[in-house]
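> Here is a sequence together with a model predicted from it:
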Amino acid sequence: MPVKRRLALIAFGGNALLPENQRGIQGEQMKNAEKAAQLMVHIVRKGFELIIVHGNGPQVGNLLIQMEEAVTKIPPYTLDICDAMTEGSMGFMLERAVTNELRRHSIDKDIITLVTQVLVDRNDPAFEKPTKPVGPFYTKFRAQQLTREKKWTMVEDAGRGYRKIVPSPKPIDIVPKWIIRDLVQAGRIVVAAGGGGIPVIINNRGLYEGVEAVIDKDYASSLIAREVGVDLFIILTGINRVCLEFGKPGQREMPVLTIAEAQKYLDEGQFPPGSMGPKIRAAIEYIRAGGKEVLITSAAHLKAALIDRSGTRIIP
C-alpha cells in the first residue's frame, strides 16, 4: 500500500518578503526569502509534505507604480496579469531559497511554483462594491482621466491623493487543484496561489476570463487546504497568539479555540474584518469541511508553536 503522507499548508503575507520598513530592493527580498525558507524546511523536517501560499500586496503595488511611471512608453498590464507576474517572481525567490536550504540539510526534494488561476463567481456581490485599494496615488486630474478611460473606481485617500479600488470576491474553485494535489502527494514542495491566486470568472461562452480583483490569500489557502485534504493548515500573522479584547486592558491570549468558540467570538466582533477576521473565517471553513487543525502564529514563534509552546490551535 502507498505510504500516507502528512500534508501541511502554510500561508504568509507578502510583507514577509517586503516589510514596510525596507526599500524593497532585490537583495533585501532575497534575504527575506532565505529567512522564510528556513521555516519552510523546518516544517518539512517535521515530516510534512508542504504547500506554500504567499501574499503579494506590496509587490503588486510596486509593479503598478512602475507601470504608471512608464505609461507613456509601455502599455500597462491589467491586475490579473500583474498577479501572474508577481507569482512568478516571488515563486522564483522562494524556490531558490528553499532549494538551497534543503541542500544545506542534505534533503533531496524538489520545489515548484504553479502560477495559479482561482475561480470566483462573476455574480459575487463584491463586484458591486469594490473595497480594496491597489497601486499608486493619483492626482485628482489623473484619477478623473482614468475613471473616464478605463472605467476604474477611484476614491480619495485621506488627503494623500486618489487610488483605484477593486472588488475582493470569495474564491470558489482552484483551477489546477488536482495538479497541486498530485505534486504534493508525490513528495514535491508546491508554491501555489500567490497573492490569493489570479482571479478568473467563467464568461458567457463558458471560458475562463481574468478579472480586476483581489482574492484574500487566507480564503484561497483554506480552499486549497480543503480540496487537497491537508492535515495542518498554518497561518502566519503578526502576533504570536490569537487574542480576545486585542489591544485593550483585558486582552487575553487563546492557546486553543474550538470552531464553535471561534465562530462565537467572530460573531461578537472580536476579530475585525481588516485584521484577524479573514484568518478566523478561513480556519472555520477548513475545519468544517473536515480539516484537522489550524495553527495561527507569528514567523518568530512558528518553531515553538509546532511543539505546542506558542500559537493558537483551532480544532474541531
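Arrived safely, thanks for sending.
> Could you chop the chain up by domain?
6-121+171-315, 132-166 (automatic domain parsing).
> what pLDDT, on average, does the first one get?
Taken as a whole, domain 6-121+171-315 has an average pLDDT of 96.
> Same check on the shortest one?
Along domain 132-166, the predicted local confidence has a mean pLDDT of 92.
> Any idea how far apart the tips of it sit?
5 Å (CA to CA, to the nearest Å).
> quick one, which of the domains of the chain is packed in tightest?
domain 6-121+171-315 (a mean of 18; mean count of other CB atoms under 10 Å). For glycine as for every other residue, the C-beta is placed from the backbone atoms N, C-alpha and C.
> Show me the strands in the stretch 1-150 of the chain, by range?
Along the stretch 1-150 of the chain, counting by DSSP state E, counting those that start in this stretch, strands occupy 6-12, 48-54, 111-114, 117-120, 132-138.
> Residue 243 is nearest to which of these?
Distance to residue 243, taken as CB to CB, is lowest for strand 6-12 among those, at 19.2 Å.
> now for the closest one, which elements pack on it?
helix 26-45, strand 48-54, helix 217-228, strand 232-237 (3 or more CB pairs under 8 Å, 6 or more residues apart in numbering; DSSP states H and E).
> From the rest of the structure, what touches the longest one?
Residues from elsewhere that reach helix 26-45 (CB atoms under 8 Å, 6 or more residues apart in numbering): 8, 10, 12, 16-19, 22, 50, 52, 93-94, 96-98, 100-102, 105, 107, 109, 189, 234, 299, 302-303, 306.
> Restrict that helix to CA atoms and write it as PDB.
Extracted in PDB, the C-alpha atoms of helix 26-45 (Å, rounded to 0.1, in the frame of the first residue of the first chain):
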ATOM      1  CA  GLN A  26      16.000  42.800  -4.800                       C
ATOM      2  CA  GLY A  27      18.800  41.900  -2.300                       C
ATOM      3  CA  GLU A  28      16.500  42.600   0.600                       C
ATOM      4  CA  GLN A  29      13.800  40.400  -0.700                       C
ATOM      5  CA  MET A  30      16.200  37.500  -1.400                       C
ATOM      6  CA  LYS A  31      17.500  37.700   2.200                       C
ATOM      7  CA  ASN A  32      13.900  37.700   3.400                       C
ATOM      8  CA  ALA A  33      13.100  34.700   1.200                       C
ATOM      9  CA  GLU A  34      16.100  32.900   2.800                       C
ATOM     10  CA  LYS A  35      14.700  33.500   6.300                       C
ATOM     11  CA  ALA A  36      11.300  32.300   5.200                       C
ATOM     12  CA  ALA A  37      12.900  29.200   3.600                       C
ATOM     13  CA  GLN A  38      14.400  28.200   7.000                       C
ATOM     14  CA  LEU A  39      10.800  28.000   8.400                       C
ATOM     15  CA  MET A  40       9.500  26.100   5.400                       C
ATOM     16  CA  VAL A  41      12.300  23.500   5.600                       C
ATOM     17  CA  HIS A  42      11.700  23.200   9.300                       C
ATOM     18  CA  ILE A  43       8.200  22.100   8.600                       C
ATOM     19  CA  VAL A  44       9.500  19.500   6.100                       C
ATOM     20  CA  ARG A  45      11.900  18.200   8.700                       C
END
